[in-house]
Structure formats: structure tokens, C-alpha cells
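Just to be clear, the model below is a prediction. Sequence and coordinates:
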Amino acid sequence: MKNIKDNCKKCPEFLEKRCDGEASNCMCKRCPRNLGECIITRYCRETESTIY
């Protein structure tokens, strides 16, 4: 079984089956924060910028 990180489970591309969680260039894998929260609020706490 694949080891899927928590952020991958919240990623829209993973949820829509366009990603299997193995991409090495995905923002989900490198993001140290809660990606689900950033997507909902449209604000990245890591870079302190809005997400369009």
C-alpha cells in the first residue's frame, strides 16, 4: 500500500483521482502546514500570501 501524506488526502487533485499521491513535484508533499485549511481560507500561512 502507498504511503499517502495527510496533505495529499486534502489535495483537490488527489480527491478527484487526478493524482495517486506519488508525484514528486506536488505542493502537497512540500507544504509543512495544513493544506486543507489553506485551500478553504485561500491563504497560505507559510508564505503569508493569498491563494487565487
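Great, that's in hand.

The closest residue to residue 49 other than its chain neighbours pairs with what?
Setting aside the residues directly before and after it, residue 49 is nearest to residue 43 in space (Cβ to Cβ, 6 or more residues apart in numbering), at 7.5 Å. All C-beta spots, glycine's among them, are computed from the backbone N, C-alpha and C. Counting by DSSP bridges, residue 43 forms beta bridges with residue 50.

wouldn't residue 36 be in contact with residue 10 here?
Yes: at 3.5 Å, residue 36 counts as touching residue 10 under the criterion of Cβ atoms under 8 Å.

middle-most residue in this protein, spatially?
residue 28 (3.2 Å; Cα atoms, centre = their mean).

and the gap between residue 33 and residue 12?
16 Å (Cβ to Cβ, to the nearest Å).

ditto for residue 30
Taking Cβ to Cβ, one finds residue 30 at 16 Å from residue 12.

circling back: any buried residues in the one helix or strand the residue nearest to the centre of the chain maps to, and which?
Residue 28 is located in helix 27-30, with elements delineated by DSSP states H and E. Buried residues in helix 27-30, counted by 16 or more other Cβ atoms under 10 Å: residue 28.

What is the subsequent helix or strand relative to it?
helix 35-41.

Pull the residues that contact that following helix.
For helix 35-41, the external contacting residues (Cβ atoms under 8 Å, 6 or more residues apart in numbering) are 7, 10-12, 27-28, 31, 44-46, 51.

Just the buried subset of those, please.
Buried among the contacts of helix 35-41 (16+ other Cβ under 10 Å): 7, 10-11, 28, 31, 44.
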